[in-house]
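Colleague: build me a model:
(one chain, ligands or ions: 1)
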Amino acid sequence: MSLLDRHRAVMPSWMPVYYGDDALEIVSGSGRRVTDASGRTYLDFFGGVLTTMIGYDVAEISDAVRRQVGTGVAHTSTLYLIRQQVELAEKIARISGIPDARVFFTNSGSEANESALLMATNVRRSHQILAIKNSYHGRTFATMAVTGHRSWSSSALSPLSVNWLASADRLRGRMAGLGDGDLIDAAVDDLREVLATVTAGDVAALIAEPIQGVGGFVHGPDGLLGAYQKVLAESGILLIADEVQTGWGRTGDHFWGYQAHGVTPDLITFAKGIGNGFALGGVVGSAAVMNAVPAISFSTFGGNPVSAAAGNAVLDYVLDHDLQGNARRMGSILMEGLRALSYDILADVRGRGLMIGLEFVRPGTTEPDPAATVRVFDLCREGGLLVGKGGLHGNVLRLGPALTLAEEEAREGLAILIDAIATADT
Ligand code: PMP
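Modeller: Okay, the predicted model is just below:
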């Protein structure tokens, strides 16, 4: 029996596996490349869903983890003092931009958002939340409730009362010929309208991704979150920035995605890249909000010694090697190459730094074309390049390589991608 058949026989049907009957088993990795069970090597432009932020088999990170494992202490994150955890919290608090910040570690992005929602609802004594359509915040009950499309949010049960804001994305704005200022005005009007339907003072928080990840790397104009926050502040409503995909310099211009918006969130959530594959997430926020939970709240494994060791090594690597700068430079090479293309199926190339989305449509229309997207996706793999998929209609290819991407690799990946698009367009 093949591994895929065994997987299907023992895993639930809803677990996504890329490449259908030709699913990939990755057995080793080095730098920005992975090798599958048949010995074929691929350039990886998706990095395990943006988790291998530094790349595969990076000595500084593997050594830090090995050192921790070598102490024999791999256990809980709570009850005892953990030097690695305190050091990482100090660094994240400093870099968060939030004054007098506190950090709580989790294992995943879902738990980070769940914790942020817990704190916001406690400090505001309200279970009303604002969220944005087309968002993805996780798979716990509260985070599914604020995930802006039912196909990514499999439970109809919600512990929260959620009101939805329109996704003021660039694509729709550009298609409708709207400029950034018009889009922000429209989004703020929408926010005011939604607030008029609830008692604004009772809303706990707005949760937003600076760039929507699973939603297809869609983002509103710079300054949008700042414009929202001005309105939210009138009623003391908190802003939660979900930086699970956008944090740590990935967007190139800024360390955090929120910094493009002239705003400081009350809470920032993070996960994915900070562990470079080891399970680590968390929330950073002001002491006033973070301390609001009235009972003991903990995570057995969130920020455990091994994950915290990885997190410290990753953050040091990002800062010491100016990976934000590299994300900006490599992102521009990819963006320039892709924006120069003119194919009927390619409707939009968008994103920031090393977070780039390509949107595919039926030629001559604005109708999403998931079939063309899958063709390009499969052709990329045939050509030796792994990319991701996403978007509400499954018609967006997502590029999120490690921030250590080298220029030759950026150009190599670009060439494969261009070939794939050209072939799929004919
Ligand atoms: N927030 C965002 C923006 C995400 O992209 C994801 C994961 N795709 C999550 C939260 C949930 O993270 P996890 O899968 O680690 O629980």
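
Colleague: quick one: D222 from G181, how far?
Modeller: 11 Å (C-beta to C-beta, to the nearest Å). In short, each C-beta sits where N, CA and C put it, glycine included.

Colleague: more neighbours: which of those two?
Modeller: D222 (17 against 11; other C-beta atoms under 10 Å).

Colleague: the more buried one and G262: what is the separation?
Modeller: 8 Å.

Colleague: now do the strands in the stretch 201-350 of the chain.
Modeller: 203-208, 238-242, 267-270, 281-286, 346-352 (DSSP state E, counting those that start in this stretch).

Colleague: deepest-packed of the ones you listed, please.
Modeller: strand 267-270 (a mean of 30; mean count of other C-beta atoms under 10 Å).

Colleague: show me what that strand is packed against.
Modeller: helix 109-124, strand 238-242, strand 281-286 (3 or more C-beta pairs under 8 Å, 6 or more residues apart in numbering; DSSP states H and E).

Colleague: hmm, back to that, and of the strands of the stretch 201-350 of the chain, who's closest to the ligand?
Modeller: Checking the strands of the stretch 201-350 of the chain against the ligand by C-beta to the nearest ligand atom gives strand 238-242 as the closest, at 4.7 Å.

Colleague: dump the helices and strands packed on strand 267-270 into a markdown table; add mean pLDDT and distance to A310 as well.
Modeller: Below are the helices and strands packed on strand 267-270 laid out as a markdown table (pLDDT from 0 to 100; distance: least, C-beta to C-beta, whole Å):
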| stretch | mean pLDDT | distance to A310 |
| --- | --- | --- |
| helix 109-124 | 97 | 16 |
| strand 238-242 | 98 | 21 |
| strand 281-286 | 98 | 12 |
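
Colleague: for V361, find the nearest of these.
Modeller: strand 238-242 (27.5 Å; C-beta to C-beta).

Colleague: any residue of that closest one up close to the ligand?
Modeller: Yes: legend: contact between strand 238-242 and the ligand by C-beta under 6 Å from any ligand atom is shown at D242.

Colleague: that strand packs against which elements?
Modeller: Counting by 3+ C-beta pairs under 8 Å, 6+ apart, strand 238-242 packs on helix 109-124, strand 203-208, helix 224-234, strand 267-270.

Colleague: identify all contacting residues around the third one.
Modeller: Spelled out, that is helix 224-234. 165, 168, 183-184, 187-188, 191-192, 195, 200, 206, 208, 210, 238-239, 241, 258, 261-263, 265 (C-beta atoms under 8 Å, 6 or more residues apart in numbering).

Colleague: lowest average confidence, helix or strand, in the protein?
Modeller: Ranking every helix and strand in the chain by mean pLDDT, DSSP states H and E puts helix 170-175 at the bottom, with a mean of 52.

Colleague: any idea how far the following helix or strand past that helix is from the middle of the chain?
Modeller: Downstream of helix 170-175, the next assigned helix or strand under DSSP states H and E is helix 180-197. Using C-alpha atoms, centre = their mean, to the nearest Å, the mean C-alpha position of helix 180-197 is found 24 Å from that of the whole chain.

Colleague: for stretch 147-154, same thing?
Modeller: Taking mean C-alpha positions (C-alpha atoms, centre = their mean), stretch 147-154 and its chain are 16 Å apart.

Colleague: next, the buried residues of it.
Modeller: 147-148, 152-153 (16 or more other C-beta atoms under 10 Å).

Colleague: equivalent analysis for stretch 254-267, please.
Modeller: So for stretch 254-267, counting by 16+ other C-beta under 10 Å, buried means 254-261, 263-267.

Colleague: ok, so of these, who is nearest R83?
Modeller: F255 (24.5 Å).

Colleague: quick check: the closest one touching E243?
Modeller: No: counting by C-beta atoms under 8 Å, F255 sits too far from E243 to count as a contact (9.5 Å).

Colleague: from the stretch 1-150 of the chain, which residue is nearest to the ligand?
Modeller: Closest point on the stretch 1-150 of the chain to the ligand, by C-beta to the nearest ligand atom, is G109, at 2.4 Å.

Colleague: any idea how far that residue lies from E243?
Modeller: For G109, the distance to E243 - C-beta to C-beta - is 9 Å.

Colleague: try G383
Modeller: 32 Å.

Colleague: looking at the two, which is more packed in?
Modeller: Taking other C-beta under 10 Å, G383 and E243 do not tie; E243 has more neighbours (29 against 18).

Colleague: any idea how far that one lies from E209?
Modeller: For E243, the distance to E209 - C-beta to C-beta - is 8 Å.

Colleague: quick check: neighbours shared by those two?
Modeller: Contacts common to E243 and E209, judged by C-beta under 8 Å, 6+ apart, are G257.

Colleague: can you point out the buried residues in the host helix or strand of W164?
Modeller: Using DSSP H and E, W164 sits within strand 161-165. Across strand 161-165, burial judged by 16+ other C-beta under 10 Å covers 162, 165.

Colleague: can I get the CA coordinates of the one helix or strand I418 maps to in CSV?
Modeller: Per DSSP H and E: I418 is located in helix 407-425. The C-alpha coordinates for helix 407-425 follow below in CSV (Å, rounded to 0.1, in the frame of the first residue of the first chain):
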residue,chain,number,x,y,z
GLU,A,407,19.1,36.0,-6.0
GLU,A,408,20.0,33.0,-8.3
GLU,A,409,17.2,31.1,-6.6
ALA,A,410,14.7,34.0,-7.0
ARG,A,411,15.6,34.1,-10.7
GLU,A,412,15.5,30.3,-11.1
GLY,A,413,12.0,30.1,-9.5
LEU,A,414,10.8,33.0,-11.5
ALA,A,415,11.8,31.3,-14.8
ILE,A,416,10.0,28.1,-13.8
LEU,A,417,6.9,30.1,-12.8
ILE,A,418,6.9,32.1,-16.1
ASP,A,419,7.2,28.9,-18.1
ALA,A,420,4.4,27.3,-16.2
ILE,A,421,2.1,30.4,-16.7
ALA,A,422,3.0,30.6,-20.4
THR,A,423,2.2,26.8,-20.9
ALA,A,424,-1.1,27.1,-18.9
ASP,A,425,-2.2,30.1,-20.9
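
Colleague: give me the angle between that helix and strand 346-352.
Modeller: 160 degrees (axes from the mean of the first three to the mean of the last three C-alpha atoms, to 10 degrees).

Colleague: one step back: residues near the residue of the stretch 1-150 of the chain closest to the ligand, how many?
Modeller: 24.
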